[in-house]
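Peer 1: A predicted structure for the sequence below; I have some questions about it.
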Amino acid sequence: GENVEQHPSTLSVQEGDSAVIKCTYSDSASNYFPWYKQELGKRPQLIIDIRSNVGEKKDQRIAVTLNKTAKHFSLHITETQPEDSAVYFCAATRPVNRDDKIIFGKGTRLHILP
Amino acid sequence: SAVISQKPSRDICQRGTSLTIQCQVDSQVTMMFWYRQQPGQSLTLIATANQGSEATYESGFVIDKFPISRPNLTFSTLTVSNMSPEDSSIYLCSVDPRRSSSYNEQFFGPGTRLTVL
C-alpha cells in the first residue's frame, strides 16, 4: 500500500526566513497531494494541494512542488511569521480499486523563532 | 463552506465498554474517512465509509472492533468496541478535500477525545 515519508520531523526557522518540508510517496498511481496545518488542540486545516498533472502551485506565501518521476513533493513557506508555527502534514491519495485513500505523513513540527 | 460536527467531543470510558462516535456533514459527500490520532502523532486511517456499501478497513483495523455505519450521504458513526486503554486517542472523521476548490472549508471534524480507564 501507499507509504508517505515526511521530513524533517522538527524544523526551526527564524521569522522571515523560508521553511521547506519534503515528502515522498511510494505508489506511482497517487494523483492528489494535500497539505494540512494543525495547530495545538485543533483539527487539521487544508492549506494547499496539488494534483499530479501540475508541477507547482502557489497561494500567497505557500507553494507546493511535485516531482512525479522522483515521487516527491515539497511545501515551501516564505517570509515565515509566528502564526506559521504548527504541525504540518503531507498526504497522498492511494487509489484502491475505485476508492481513494488519503494517507498522511508523520508530520513536521515547525517552530518560528522570533 | 462545509460544516463537519462530531459527537461526543470527549468521553471517559471504562475498559470493556463501547462508544459510538457520530459525524455529521452539512452537505452530501460520497466518501467519509475515519482517522485516529494519538497525542503528538500523525493521522492513521482506520477505514473509508461509502454510503450504501460496507466500510473498507485499513491494515490493523477490523470491523468487529470498529464497526462503522453510513446510513446516508451526510452521516456516519464509528463505534469503538470492547475498549482498552490502548484505544485512548482522538478520533476524527474527514471528507475528501477534492470536493471543493476552497481552502476555507473544513475537511475534518473537530475530533472526539477518548480516554479509556
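Peer 2: It's in. Numbering: from 1, shown residues only, chains lettered A, B, ... in the order given.
Peer 1: list the contacts of residue 61.
Peer 2: Using chain A. When contacts are counted by C-beta atoms under 8 Å, 6 or more residues apart in numbering or on different chains, A:Arg61 touches A:77-80. C-beta: built from backbone N, CA, C; applies to glycine.
Peer 1: that's the wrong chain, I meant chain B
Peer 2: In this structure, B:Phe61 makes contact with B:46-47, judged by C-beta under 8 Å, 6+ apart.
Peer 1: mind redoing it with 6 Å?
Peer 2: With contacts defined as C-beta atoms under 6 Å, 6 or more residues apart in numbering or on different chains, the neighbours of B:Phe61 are B:Ile46.
Peer 1: show me which residues of chain B sit near chain A.
Peer 2: Within chain B, the positions lying close to chain A (C-beta under 6 Å from any C-beta of the partner chain) are B:42-43, B:48, B:56, B:97, B:103, B:107-108, B:110-111.
Peer 1: if I look at the residue nearest in space to the middle of chain A, how far off is A:Gly16?
Peer 2: For chain A, A:Cys90 is the residue whose C-alpha lies nearest the centre (C-alpha atoms, centre = their mean; 3.3 Å). A:Cys90 is 24 Å from A:Gly16, where distance means C-beta to C-beta, to the nearest Å.
Peer 1: what of A:Thr80?
Peer 2: Counting by C-beta to C-beta, the gap from A:Thr80 to A:Gly16 is 6 Å.
Peer 1: before we move on, the earlier item: so what pairs up with the residue nearest to the centre of chain A in the strands?
Peer 2: A:Trp35 (DSSP bridges).
Peer 1: I'd say it and A:Gln6 touch.
Peer 2: Yes - under the criterion of C-beta atoms under 6 Å, A:Cys90 lies in contact with A:Gln6, with a separation of 5.3 Å.
Peer 1: okay, and the common contacts of these two?
Peer 2: When contacts are counted by C-beta under 6 Å, 6+ apart, the set common to A:Cys90 and A:Gln6 consists of A:23, A:105.
Peer 1: where's the residue located most distally from the centre of chain B, which helix or strand?
Peer 2: No residue in chain B has its C-alpha farther from the mean C-alpha position than B:Ser101, which lies at 23.1 Å (C-alpha atoms, centre = their mean). Counting by DSSP states H and E, there is no helix or strand that carries B:Ser101.
Peer 1: B:Pro71 versus that one, what's the distance?
Peer 2: From B:Ser101 across to B:Pro71, the span is 29 Å (C-beta to C-beta).
Peer 1: cool, B:Ser81 as well?
Peer 2: The gap separating B:Ser81 from B:Pro71 is 19 Å, by C-beta to C-beta.
Peer 1: look at the two and report which has more neighbours.
Peer 2: Each of B:Ser81 and B:Pro71 has its neighbours counted (other C-beta atoms under 10 Å in any protein chain shown); B:Ser81 has more, 16 against 10.
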